[in-house]
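**Q** sequence and predicted structure below; questions after.
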Amino acid sequence: MTKGTMSVGVGGRVRRVTFRVVIGITAAFLLVALLPAYPLLFTDWLPTEAFLAIRTDHTAADMPHRLASLALGVIAWGMLAGVVLQIHRPERKVAALMAALAVPVTLALGEMLTGTYTVMGTAPFLLPILAACALHPAAREFIRPPRLDWSMLLPVVAAAVPWILFALGVAETKRAVGPEGDVDNHLNFMVSIPLMAVLWGLIGATDKPGWPFAAAAAIIATACVALQSLIFPSVLAVAGLPPVWAWAAVAWCLAYGAAAWLRFRRARTAGSQ
């Protein structure tokens, strides 16, 4: 083994160890910083009385914000899961870290649209994930032009226009009501979540390793908004989907999910041959 080869090997090990340290610190930070948000993905489906018994910080008048509270849960889990998955075989889960990176990016965009952007609102989440991307064992995958699966890309393109219009509409509502008309800036989350669903869907339509995670995240985010709008009509007062659009979103989840499943099956079949 030459001296140059040895230095490359040592450098590679140092890089991998540094990457794992950054991932561990980032995961711990996300877990602590967003700890109250993780149960929301589950508790926000409870009937109103049970929900209010658990969420003592809310009253019956705050029920229109139930969906935005759920969106925060989706956001928190999207970041945490995408980071934690890098602990084992990160080379196979590039798309998961890309999905985690999409969260602070779309949160910042949502804040810009509502006129509430602050660097410290998203930088603590964006910077460590960016560092993890830079140190990733498969870092080149993040900048490699992707190949696209058209059966998954077309549904995302079709959904992008209504989702963007929805985000712009909620942003206008947020600007109109101001801080006093919102609960914990929940409307910012409702501006970001449709943008996040589109970006997750796009990542899922690429050939980046671990694309099924991003595809599943897009489906979960879309399904949460659609089903909450149908089950709890009170959310329509703030940022829910009208029934026709909610059912359209459910149909989209089925179509995109079917395309993802068929692609996954084709890949497994080709890999076993």
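**A** That came through fine. These numbers come from a predicted model, not from an experiment.
**Q** just give me how far the helix-or-strand element of the chain with minimal mean pLDDT sits from the chain centre.
**A** The weakest-scoring helix or strand in the chain, judged by mean pLDDT, DSSP states H and E, is helix 3-33 (a mean of 81). Per CA atoms, centre = their mean, to the nearest Å, the displacement of helix 3-33 from the mean C-alpha position of its chain is 24 Å.
**Q** for it, packing partners?
**A** helix 66-84, helix 119-135 (3 or more CB pairs under 8 Å, 6 or more residues apart in numbering; DSSP states H and E). In short, each C-beta sits where N, CA and C put it, glycine included.
**Q** can you check what angle separates the longest one from helix 3-33?
**A** It refers to helix 66-84. 160 degrees (axes from the mean of the first three to the mean of the last three CA atoms, to 10 degrees).
**Q** beyond helix 66-84, next helix or strand please.
**A** Downstream of helix 66-84, the first helix or strand assigned by DSSP states H and E is helix 94-114.
**Q** now swap in the shortest one and tell me
**A** Counting by DSSP H and E, the next helix or strand C-terminal to helix 119-135 is helix 150-177.
**Q** following element in sequence after that next one, please.
**A** Defined by DSSP H and E, the subsequent element after helix 150-177 is helix 186-204.
**Q** then the helix or strand following the least confident helix or strand of the chain to CSV, C-alphas only?
**A** Following helix 3-33 in sequence order, the next helix or strand is helix 40-43 (DSSP H and E). Written as CSV, here are the backbone C-alpha positions of helix 40-43 (Å, rounded to 0.1, in the frame of the first residue of the first chain):
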residue,chain,number,x,y,z
LEU,A,40,-49.0,15.5,17.2
LEU,A,41,-48.9,13.1,14.3
PHE,A,42,-51.0,10.7,16.4
THR,A,43,-53.0,12.8,18.9
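**Q** hmm, back to that, for the least confident helix or strand of the chain, buried residues please.
**A** 19-20, 22-23, 26-27, 30 (16 or more other CB atoms under 10 Å).
**Q** what residue ranges in this protein score low on pLDDT?
**A** Residues of the chain that meet the criterion pLDDT under 70 lie in 1-11, 179-185, 271-273.
**Q** nearest to Leu101, out of the helices and strands packed on helix 3-33?
**A** helix 119-135 (4.9 Å; CB to CB).
**Q** elements contacting the closest one?
**A** helix 3-33, helix 66-84, helix 94-114.
**Q** can I get the ones you listed in CSV with distance to Pro162?
**A** Conversion of the helices and strands packed on helix 119-135 to CSV gives the following (distance: least, CB to CB, whole Å):
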stretch, distance to Pro162
helix 3-33, 30
helix 66-84, 17
helix 94-114, 16
